[in-house]
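structural data only, the sequence is not supplied:
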DNA sequence: GAGCTTCGACCGACCAGTTGGTAGACCTTG
DNA sequence: CAAGGTCTACCAACTGGTCGGTCGAAGCTC
């Protein structure tokens, strides 16, 4: 392969950012974890802002790829949304990536460099766009209901899932807390009444 | 009065924490903003963790007082929940305190000192407890519906509101984004069908 | 009341350690 | 040799925190 160092740096940075956010990790942390010089990191990512933006960019790229695969593989709208929630249930259960970087960094926006903020905004746009599309499709197929429009339904689902991550983290990264909040939000998008 | 310096320090710290979180503000920031020596801050709050914990403690105290007043003044369950959402609409619109400190710090939990984490947990407990009580009362009075139980309904409302704050911050502290997500969550707690 | 002590509030100067970032040498590998 | 990658060594600025000390108000004793 060409050079996996920059990829390994991104991995470490992503891990650190997921647990600590932007302002609470340092080049020294990555350097220690990887056994690589700080200068090497600067060689690949000149500034910390560049590094964080690159992490976000790769994260978004991977998400986009997953979503496209999901849309192709699964046609049932309900199953699509369940895959979204289920993905995070897995992440929290396994313990790696117990939080969405985009959501985490969003709360820090006033303390973030511009390039990073742009990526965060982009992530929210990505997410709400595909969630909106999935819901709209579900409504068209008569499998989902969105009284206030698919756009609002998407934003609401996204918000509830993000809030559920927060609640889970407060409870010590407890996946059952996440599910207890996120699953009903899914149910509610199908007929409100009963199963 | 006795000494308002420590109160002014708490004010400044709270403002900084609301916009930057725990790890992105420093004693020097407060010192500069207040024109007071760094040593003075340490005199009132020995460590940064003490300071942050004190900010949270005061925040919770104020909340508790407000909630008690609200419960006494307003008996309609729907109006109570509307007051909660309306409070944050105002905060975001006015621009001061455009985010709940508890929720903001929750995302940073892995990078927070223990005393601070304890306060964050406490805040979540406070909030979900009174929200749960308000919803339970509403169900008893036949004004609200909570199919999965009032506990879950409270956690879900809380999560959605927190997620709505996040979305609003991403949109540049836009109160309409917040309302578009939070208001429907309120509606849904009343009969799901129609008005 | 004068003189003394005690105390909390406050401050400038300082501390060791860390921050993000740089300069230049060295080693590969083509 | 040229170029990319990595290293050690370094930098100024800043981090949370400590030190010794000043100030003034309050309390005490004569």
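Right, received. Where do you want to start? In this text, all values refer to a predicted model and were calculated from it rather than measured experimentally.

use CA for all of it now, contacts and neighbours both
Noted.

center of chain A - which residue?
When C-alpha atoms, centre = their mean is applied to chain A, the residue found nearest the centroid is residue A:100 (3.5 Å).

not counting its neighbours along the chain, what's nearest it?
residue A:18 (7.1 Å; C-alpha to C-alpha, 6 or more residues apart in numbering or on different chains).

chain B contacts on chain A?
A:19-21, A:23-24, A:103-104, A:106-111, A:120-121, A:124, A:148, A:152, A:155-156, A:158-164, A:166-167, A:169-171, A:180-182, A:184-185, A:192 (C-alpha under 8 Å from any C-alpha of the partner chain).

again, 6 Å this time
A:19-20, A:23-24, A:108, A:110-111, A:156, A:159-160, A:162-164, A:181 (C-alpha under 6 Å from any C-alpha of the partner chain).

pLDDT below threshold where in chain A?
A:1-3, A:192-195 (pLDDT under 70).

helices or strands up against the helix or strand hosting residue A:154?
Assigned by DSSP states H and E, residue A:154 falls within helix A:150-170. Counting contacts by 3 or more C-alpha pairs under 6 Å, 6 or more residues apart in numbering or on different chains; DSSP states H and E, helix A:150-170 packs against helix A:114-140, helix A:175-189, helix B:150-170.

winner for burial among those?
Of all the helices and strands packed on helix A:150-170, helix B:150-170 has the most neighbours on average by mean count of other C-alpha atoms under 10 Å in any protein chain shown, namely a mean of 26.

off-centre distance for that helix?
11 Å (C-alpha atoms, centre = their mean, to the nearest Å).

and for it, what are the contacting residues?
A:159-160, A:162-164, A:181, B:128, B:131-132, B:135-136, B:146, B:174, B:177-178, B:181-182 (C-alpha atoms under 6 Å, 6 or more residues apart in numbering or on different chains).

ok, the residue nearest to the centre of chain A to residue A:15 distance?
11 Å (C-alpha to C-alpha, to the nearest Å).

do residue A:175 as well
Counting by C-alpha to C-alpha - residue A:175 and residue A:15 are separated by 19 Å.

that older thread, next, the residue nearest to the centre of chain A: phi, psi?
When read as degrees, to the nearest 10, the backbone of residue A:100 gives phi -80, psi 120.

do residue A:35 as well
Dihedral angles for residue A:35 - degrees, to the nearest 10 - are phi 70, psi 40.

same check on residue A:75?
Per degrees, to the nearest 10, the backbone of residue A:75 is at phi -100, psi -20.

for DNA strand C, see how far away it is.
For residue A:75, the distance to DNA strand C equals 44 Å [C-alpha to the nearest atom of the strand, to the nearest Å].

can you list the residues of chain A near DNA strand D?
Residues of chain A found near DNA strand D (C-alpha under 7 Å from any atom of the strand) are A:3, A:5, A:6, A:35, A:36, A:37, A:38, A:39, A:40, A:43, A:44.

what is the burial count for the third one?
Using other C-alpha atoms under 10 Å in any protein chain shown, residue A:6 has 15 other residues around it.

give me the distance between the two termini of stretch A:15-33.
End to end - C-alpha to C-alpha - stretch A:15-33 spans 11 Å.

list the buried residues for it?
Buried residues in stretch A:15-33, counted by 16 or more other C-alpha atoms under 10 Å in any protein chain shown: A:15-25, A:27, A:30-31.

figure out how far that stretch is from the centre of its chain.
For stretch A:15-33, the distance to the chain centre is 18 Å (C-alpha atoms, centre = their mean).

stretch A:50-59 too?
Counting by C-alpha atoms, centre = their mean, stretch A:50-59 comes out at 13 Å from the chain centroid.

one more: stretch A:44-55?
19 Å.

ok, stretch A:10-26 next?
Relative to its chain's centre, stretch A:10-26 lies at 14 Å (C-alpha atoms, centre = their mean).

which helices and strands does the host helix or strand of the residue nearest to residue A:100 pack with?
In this structure, residue A:18 sits in helix A:5-20 according to DSSP H and E. For helix A:5-20, there is no helix or strand it packs on, judged by 3+ C-alpha pairs under 6 Å, 6+ apart.

and the next helix or strand past it?
helix A:27-34.

that next one vs helix A:5-20, what angle?
Put simply, helix A:27-34 runs at 110 degrees to helix A:5-20, going by axes from the mean of the first three to the mean of the last three C-alpha atoms, to 10 degrees.

contacts for helix A:27-34, please.
Residues contacting helix A:27-34 (C-alpha under 6 Å, 6+ apart): A:37, A:38.

does DNA strand C sit close to it?
Yes. Judged by C-alpha under 7 Å from any atom of the strand, helix A:27-34 and DNA strand C are in contact via A:27, A:28, A:29.

how about the helix or strand following that helix: buried residues?
Remark: after helix A:27-34, the chain's next helix or strand is helix A:38-44, criterion DSSP H and E. Within helix A:38-44, the residues scored as buried using 16+ other C-alpha under 10 Å are A:38, A:41.

before we move on, what about stretch A:69-78?
Going by neighbour count (16+ other C-alpha under 10 Å), the buried part of stretch A:69-78 is A:77, A:78.
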